[in-house]
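**Student:** build me a model from this:
(4 chains)
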Number of protein chains: 2
Amino acid sequence: MQSRSPASRTGRPRSAAADAAILAATRAALVELGWSKLTLGDVATRAGVAKTTLYRRWAGKNELVVDAVAELFDELELPDSGSLASDIEGVVLQFATILARPEAKSGLMAVVSEATRDDALRERIRASVVERQKRLVLEGRSRAQARGELPPEPDPESAARTADLIFDMVAGAVVHRTLVSAEPADEEWVRGFTRVLLQGLA
Amino acid sequence: MQSRSPASRTGRPRSAAADAAILAATRAALVELGWSKLTLGDVATRAGVAKTTLYRRWAGKNELVVDAVAELFDELELPDSGSLASDIEGVVLQFATILARPEAKSGLMAVVSEATRDDALRERIRASVVERQKRLVLEGRSRAQARGELPPEPDPESAARTADLIFDMVAGAVVHRTLVSAEPADEEWVRGFTRVLLQGLA
DNA sequence: GGCTTTCGCTACGAGACGTAGCGTAATGCC
DNA sequence: GGCATTACGCTACGTCTCGTAGCGAAAGCC
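**Tutor:** The predicted structure follows:
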């Protein structure tokens, strides 16, 4: 969350329950109201805390929603289904399921949009959402290489570039399908997408 | 733009110059202020019109920005460079160049985010941005099929599905690369992306 | 000239923002 | 147990933007 200064050993400690209540209230408000009609006063009331308490912990709407949405993606797991294709399909489907939830839809793109003019916010998104899930790409690839489904990378730099490209393609396609085309990223779509992606990487 | 009722043959006509001035002022305000700090009062002042004039033509910030941003994508053209790979590279690079502009970055994602709770707005985006550019995918594919670079489609329904998938992959990857990863979608990246996409479609 | 619609201007209530001030509650240190 | 320190709830406030209403003037068509 925020940089809790390590030298704060004295005084009343911050309530951890309040943090959880605020983040949960934020997600609930995103579902009911969406980003633009969400107000911090309303979130505070839902969470049962004072508005001033909320402002002591988060600088504003942007930072609050990033933290509230980031928690949603922590449940992503890489299945071990035996083949690279079904591993990818499983992860992409999980990602699509999370993104289909209204609190993720309305919250995530709004903060990404705000991040175009706020480097600190973009870094917060990268650190708490993107970078934390890139592990799935890396682990999936190394598994596939161990199974001989993918060739080993010639050099580390090219390996990193490819991983970034894969991540942009997966996340970007699912987001575009879900939010812009407004069609469900269901099993059928995921199969088609995975087929193109995998064949392209061979 | 808005539904200019065909039965308005009498009375003072609306100033076409005002429309253009308002949309240009909207883009300028997006560059300087970004989405969240853009106010309709400020746009009206920049455009040299009264705030009430602006409200007579657009229902709100969302609709205004969609129209202002949609104009940016009209300059997309399909190059005829002889091979499918370089055709795709050319279009993707054009798209990335437009999306790199600050008015597109901060405006487009914001309205997409708002569209998750507003069906009419999403339809407006689809009609004035997405659907209008999907022609590039269709035309590029038919050219490639004529050249024998791509197999003909077995049935029309599958052809439409594939076109949608391609569009989601192209637009999604470029958007994610530009806005989330915040790295330039330059020639090198576009080449790598096109290689994966093309090989996947073969 | 008469009719109709748009335009610029001013003013307004409503709502959210972000902050300040105060008294109270919870902890660590002596 | 008492003290310093920090967090908390509450109230109140000035500021900003929103979206609308009302008015007189302007610009077209018959």
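**Student:** dump the residue contacts of A:Ala144.
**Tutor:** A:Leu84, A:Asp87, A:Leu150 (Cβ atoms under 8 Å, 6 or more residues apart in numbering or on different chains). C-betas here are computed from N, CA, C, even on glycine.
**Student:** report the contact partners of A:Ile125.
**Tutor:** A:Val66, A:Val111, A:Val112, A:Ala115, B:Val180.
**Student:** so what's the residue count around the second one?
**Tutor:** Translated: A:Val111. 27 (other Cβ atoms under 10 Å in any protein chain shown).
**Student:** so which bits of whichever strand or helix holds it are buried?
**Tutor:** Using DSSP states H and E, A:Val111 falls within helix A:102-115. For helix A:102-115, burial by neighbour count (16 or more other Cβ atoms under 10 Å in any protein chain shown) applies to A:103-115.
**Student:** turn the residues you listed into TSV, including pLDDT.
**Tutor:** Output for those, formatted as TSV (pLDDT from 0 to 100):
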residue	pLDDT
A:Glu103	95
A:Ala104	96
A:Lys105	93
A:Ser106	91
A:Gly107	95
A:Leu108	95
A:Met109	94
A:Ala110	96
A:Val111	96
A:Val112	95
A:Ser113	95
A:Glu114	95
A:Ala115	95
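**Student:** A:Leu136 against A:Val92, yeah?
**Tutor:** No. The pair A:Leu136 and A:Val92 does not pass the contact test of Cβ atoms under 8 Å, sitting 9.9 Å apart.
**Student:** re earlier: give the rounded mean pLDDT of the helix or strand that the helix holding A:Val111 is followed by.
**Tutor:** Proceeding N to C from helix A:102-115, the next assigned helix or strand is helix A:119-125, under DSSP H and E. When pLDDT is averaged along helix A:119-125, the result is 94.
**Student:** can you name the next helix or strand after helix A:119-125?
**Tutor:** That would be, after helix A:119-125 and using DSSP H and E, helix A:131-146.
**Student:** just the buried residues of that next one, please?
**Tutor:** A:Gln133, A:Lys134, A:Leu136, A:Val137, A:Gly140, A:Arg141, A:Arg143, A:Ala144.
**Student:** now stretch A:45-56
**Tutor:** For stretch A:45-56, by 16+ other Cβ under 10 Å, it's A:Arg46, A:Ala47, A:Val49, A:Leu54.
**Student:** closest point of chain A to DNA strand D, which residue?
**Tutor:** Relative to DNA strand D, the nearest point of chain A is A:Gly11 (2.0 Å; Cβ to the nearest atom of the strand).
**Student:** number of residues surrounding that residue?
**Tutor:** Quick note: A:Gly11 (other Cβ under 10 Å) scores 6 neighbours.
**Student:** near chain B at all, the one helix or strand A:Asp87 maps to?
**Tutor:** Element membership of A:Asp87, judged by DSSP H and E, is helix A:84-100. No. Contact of helix A:84-100 with chain B (Cβ under 8 Å from any Cβ of the partner chain) is absent, the minimum separation being 10.4 Å.
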